[in-house]
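> Sequence first, then the predicted structure, then my questions.
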Amino acid sequence: MTDRDDPEEFRALAHAVVDWIADYRAGIAAHPVQPQVEPGSVRAALSPLPERPQPFDALLAELDRVVVPATTHWQSPSFFGYFPANASLHSVLGDMLSTGLGSQGMMWATSPACTETEQHLVDELAGALGLPETFTFTGGGGGTIEDSASSSALVALLAALHRADPGWQTDGVRGDERIYVSAETHSSLAKAVRVAGLGSKALVVVDPEPGGHALSPDALAAAMSADAGAGLRPVLVCPTIGTTGTGTIDPVRRIAEVAREHGAWVHVDAAWAGVAALCPEHRSVLDGVELVDSFCTDAHKWLLTALDASLLWVQDGSALPAALSLTPEYLRNPASESGAVVDYRDWQVPLGRRFRALKLRAVIHARGLEGLRAHLRGHIALAEEFAGWVTADPRFTLAVPRSLSLVCLRVVTGRGSEADDAATRQVLERVNASGSAFVSHTVVDGRYVIRVAIGAVTTGPEHVTALWDQLCAAADAVLAESRS
Ligand SMILES: *Cc1c(COP(=O)(O)O)cnc(C)c1O
């Protein structure tokens, strides 16, 4: 490209880039899902920064030579680790358009289309998910697209601190704030507490319901009352819809009722599972959500949209600007002062923001809400079938009941929990080392567990069957070894 961007040169190079992406995706199943790479080897293979312009082809060649072999292929149909990070090709196109426009949507005035496209999207999507109208701009609330569920949790916490004591903006935190989570709550809440300067002493880990993993409303009530009695201030409660470890769904309604008695903000973290509410038959996961202050679900996990797109809604549309708005002279403008527009810079920590709505809009435009539901339903059906195989097989057991498209299992040796844990870990290591599939792990009740999260865009029955065959073969080998 010449010193001043040349659209015609771009046109030609972009065709080559699109071809490269299409070829990569077409051949993705041929790569080991997780590369076996020594630390430092990628850096050692990369060429130094050039002093003079280089042909663009050479960059693509370097991708083939260095980057692809050291990439974990999240878009592989045999990727079952963590939670999915869908980057559907429609979202890639939407992302190209967004980057092509290159706007900086920090305020309505700096790109009206960026702000209003996002407002329109989150309002309509709230309806599609079955969130109450009070979460829409039309209904007095509103939504935004943050970069991550971690950021969503952080800004919810800042709004909660502000509501609990607006003096927070001048005096800082007091040290008596308390934030309630469960042992399964995502670590991003602990990080938000740290970033906000509260210190981990502010984080109260509430006991689970007897015999389960969900946050217990009774234990929450006891903890909040004891804290309030001791002069501490309950500021925020975070129930999770679909915990990262096991997919546990906390009883949001009863938790919100308890929190309300203490005036605490309720932030629902539904980063992975919340999108399932697009399907009417799974909408019950949102039970009680009308009682909460903020609700977050990631489009960049299971909703076909490339990172970064975390959807956050609040019932009080003024809460985030009240907590976060700061207006230096150079950002003043008549539209903001009229009060008639939303300035999304006041809904997030950074000032600048990308046109994130476009990639999600591209996905929904191309697939329709029906297509999104089919995507989710397909994975849930596969997980149901997979969980059935686990239950019926004496070599394995479910560690917890299946949650939507997440299945947690472990190996049964018949020789005690230590032997089971060791065997389960070895089975995971064997499957991952083979490169033909990738699964990740967690620990549940002290026991080592394999998580199978079905959710890549291209995963079909054949990939789930192949994973099951791999797990069975690995279990046979490990069980035989441990007997000899
Ligand atoms: C993945 C996950 C997060 C973190 O999501 P990011 O968008 O990567 O910050 C938070 N909470 C839950 C329940 C998750 O599964």
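Structure received.
> which SS state does the residue nearest to Leu101 when sequence neighbours are not counted fall under?
Spatial nearest neighbour of Leu101, excluding adjacent residues (Cβ to Cβ, 6 or more residues apart in numbering): Phe355 at 6.0 Å. Heads up, the C-betas are built off the backbone N, CA and C, glycines and all. Classification of Phe355 by DSSP: H, G, I helix; E, B strand; the rest coil places it in coil.
> how close does Phe355 get to Ser150?
Using Cβ to Cβ, to the nearest Å, Phe355 is found at 21 Å from Ser150.
> what sits against the residue nearest to Leu312 when sequence neighbours are not counted?
In space, and not counting its chain neighbours, Leu312 is closest to Ser152: 4.1 Å by Cβ to Cβ, 6+ apart. Contacts for Ser152 (Cβ atoms under 8 Å, 6 or more residues apart in numbering) come out as Glu146, His267, Asp269, Ser294, Cys296, Ser310, Leu312.
> Among those residues, pick out the one closest to Ser41, please.
Within the contacts of Ser152, proximity to Ser41 (Cβ to Cβ) peaks at Ser310, which comes in at 32.3 Å.
> ok, that closest one to the ligand distance?
From Ser310 across to the ligand, the span is 5 Å (Cβ to the nearest ligand atom, to the nearest Å).
> what's near enough to touch that residue?
Neighbours of Ser310 in contact, by Cβ under 8 Å, 6+ apart: 145-149, 151-152, 271, 296-300.
> Count the neighbours of the residue nearest to Leu101 for me.
Using other Cβ atoms under 10 Å, Phe355 has 25 neighbouring residues.
> Hmm, it is touching Gly100, no?
No: counting by Cβ atoms under 8 Å, Gly100 is not a contact partner of Phe355; they are 9.6 Å apart.
> ok so, going back, now render the contacts of Ser152 as CSV, adding distance to Gly368, secondary structure and pLDDT.
Formatted as CSV, the contacts of Ser152 follow (distance: Cβ to Cβ, whole Å; DSSP: H, G, I helix; E, B strand; the rest coil; pLDDT from 0 to 100):
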residue, distance to Gly368, secondary structure, pLDDT
Glu146, 25, strand, 98
His267, 30, strand, 98
Asp269, 28, strand, 98
Ser294, 28, strand, 98
Cys296, 24, strand, 98
Ser310, 22, strand, 98
Leu312, 24, strand, 98
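> neighbour-wise, which of the residues you listed leads?
Asp269 (30 neighbours).
> Pretty sure that one sits against Val237.
No: using Cβ under 8 Å, Asp269 is not in contact with Val237, being 10.9 Å away.
> So is the helix or strand hosting the residue nearest to Leu312 next to the ligand?
Ser152 is located in helix 149-164, with elements delineated by DSSP states H and E. Yes: applying Cβ under 6 Å from any ligand atom, one finds helix 149-164 touching the ligand at Ala149, Ser150.
> so how far is Ala16 from Leu59?
Leu59 is 10 Å from Ala16, by Cβ to Cβ.
> circling back to that earlier point, how about the helix holding Ser152 as CSV, C-alpha atoms only?
Listed next in CSV are the C-alpha coordinates belonging to helix 149-164 (Å, rounded to 0.1, in the frame of the first residue of the first chain):
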residue,chain,number,x,y,z
ALA,A,149,-18.2,-9.8,30.7
SER,A,150,-15.3,-8.8,33.0
SER,A,151,-15.8,-5.1,32.0
SER,A,152,-19.6,-5.6,32.4
ALA,A,153,-19.1,-6.8,36.0
LEU,A,154,-16.7,-3.9,36.7
VAL,A,155,-19.0,-1.2,35.5
ALA,A,156,-22.0,-2.8,37.3
LEU,A,157,-19.9,-2.7,40.5
LEU,A,158,-19.0,0.9,39.9
ALA,A,159,-22.7,1.8,39.4
ALA,A,160,-23.6,-0.2,42.6
LEU,A,161,-20.9,1.7,44.6
HIS,A,162,-22.3,5.0,43.3
ARG,A,163,-25.9,4.1,44.1
ALA,A,164,-24.9,2.9,47.6
